[in-house]
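Novice: Dropping the sequence and predicted coords here.
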Amino acid sequence: MGVKDVITGAELLEALPVAVYTTDAEGRITFFNQAAADLWGHRPALGSDQWCGSWRLYWPDGRPMPHDQCPMALTLKEGRPVRGIEGIAERPDGTRVNFLPFPTPLRDAAGRLTGAINLLMDITEQHQAEVELARLAAIVTSSDDAIISKSLEGRITSWNAAATRIFGYQPAEVVGQPITRIIPPELHDDEKRILAQLARGERIEHYETVRVAKDGHLIEVSLSVSVLRDRFGKIIGASKVARDITERKQAERLQHLLIEELNHRVKNTLATVQAIAGQVLASQRERESLRLRLRRTYPGPGASPYPAHA
């Protein structure tokens, strides 16, 4: 193997796709790779800039982190690796990067501290994903609608507080159980059809159906169902949003009943008026004119009992 074939440690570190840098025992930066420069957004001065090449540092809660209190400074001051402390690096252009450092002390053959090496993992996407998950979890928890997820085999995998309020089951009673526990037996075939559609990646738009509560009473609901996919895009289940529309449907039925009753009463009243008028009016022409006028006023069953106005 020739001299040119020998790869130095610096070349290895430079080739790494993660940010790596080193310091001397006083914290002065002695080396950084391109990935570190990209993470910091600038290139610190070797031999003078200390502790970390970031323009500004912050703790995860947003408080400023002095450079001499960063994990690398702690490692050099205490002579030990520091793990599990997250930070936020601000670049000169104002953009910020969430990172996880792994500073480790370096020692010579005699055990004397000669410096440290630090690896910085960019966890910005992970942090954003965690924030999004927390936001979605808050929405699910506070929703007035039952939000239930299930596997493609039809087993319940999650159950929010609104589902407990509407159906009466606690999560521990239903998670892992078949979704058919809250579906009337006569609608089980519909559930099989829905699972087949979900397996094909089809979304189930809003539709109205009936479900069964823990105490056995029927609940009218409006459902929408969406597929759930893993990070590879594979369909792994479904999410159901169920809105209790029992009161609305009862109000609609009552309204329909009242309108039917009103139609019946108005029809009888008009028939009486027409009969009396038929006895009072002398000519057939007058009786026919009145009959047509009454018909325009009340067209028949199912129509509004109130007169139409031009």
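Specialist: Done, it's in.
Novice: pLDDT below threshold where in the chain?
Specialist: Low-confidence segments of the chain, defined by pLDDT under 70: 1-7, 264, 274, 277-284, 286-287, 290-291, 294-310.
Novice: residue boundaries of the helices in the stretch 201-310 of the chain?
Specialist: Per DSSP state H, counting those that start in this stretch, the stretch 201-310 of the chain carries helices over the ranges 246-280, 284-297.
Novice: Run the chain-centre distance for the longest one.
Specialist: Computed by CA atoms, centre = their mean, to the nearest Å, the separation of helix 246-280 from the middle of its chain amounts to 49 Å.
Novice: all numbers from here: first residue = 28
Specialist: Fine by me, first position is 28 from now on; the one you just mentioned is helix 273-307.
Novice: Where does the residue lying closest to residue 61 once chain neighbours are set aside fall, secondary structure wise?
Specialist: Once flanking residues are discounted, residue 61 sits nearest to residue 41: 6.5 Å by CB to CB, 6 or more residues apart in numbering. Quick note: C-beta positions are derived from backbone N, CA and C, even for glycine. Counting by DSSP states H and E, the secondary-structure element that holds residue 41 is helix 36-42.
Novice: Tell me the first helix or strand C-terminal of that helix.
Specialist: Towards the C-terminus, the helix or strand next in line after helix 36-42, according to DSSP H and E, is strand 46-51.
Novice: Show the subsequent helix or strand relative to that next one.
Specialist: With elements assigned by DSSP H and E, the helix or strand that comes after strand 46-51 is strand 56-59.
Novice: Quick one: list the elements packing against whichever helix or strand comes after that following strand.
Specialist: Next helix or strand after strand 56-59 toward the C-terminus (DSSP H and E): helix 61-67. Contacts of helix 61-67 with other secondary structure elements, assessed using 3 or more CB pairs under 8 Å, 6 or more residues apart in numbering; DSSP states H and E, are made with strand 46-51, strand 140-149.
Novice: circling back: give me the distance between the residue nearest to residue 61 and residue 35.
Specialist: When CB to CB, to the nearest Å is the yardstick, residue 41 and residue 35 sit 9 Å from each other.
Novice: So these two - more neighbours on which side?
Specialist: Each of residue 41 and residue 35 has its neighbours counted (other CB atoms under 10 Å); residue 41 has more, 15 against 8.
Novice: May I have the residues that are in contact with residue 127?
Specialist: Shown in contact with residue 127 (CB atoms under 8 Å, 6 or more residues apart in numbering): 113, 114, 147, 148, 150.
Novice: State the three-state secondary structure for it.
Specialist: When the structure is split into helix, strand and coil by DSSP: H, G, I helix; E, B strand; the rest coil, residue 127 lands in strand.
Novice: What about residue 235, how many residues nearby?
Specialist: Residue 235, neighbours per other CB under 10 Å, totals 12.
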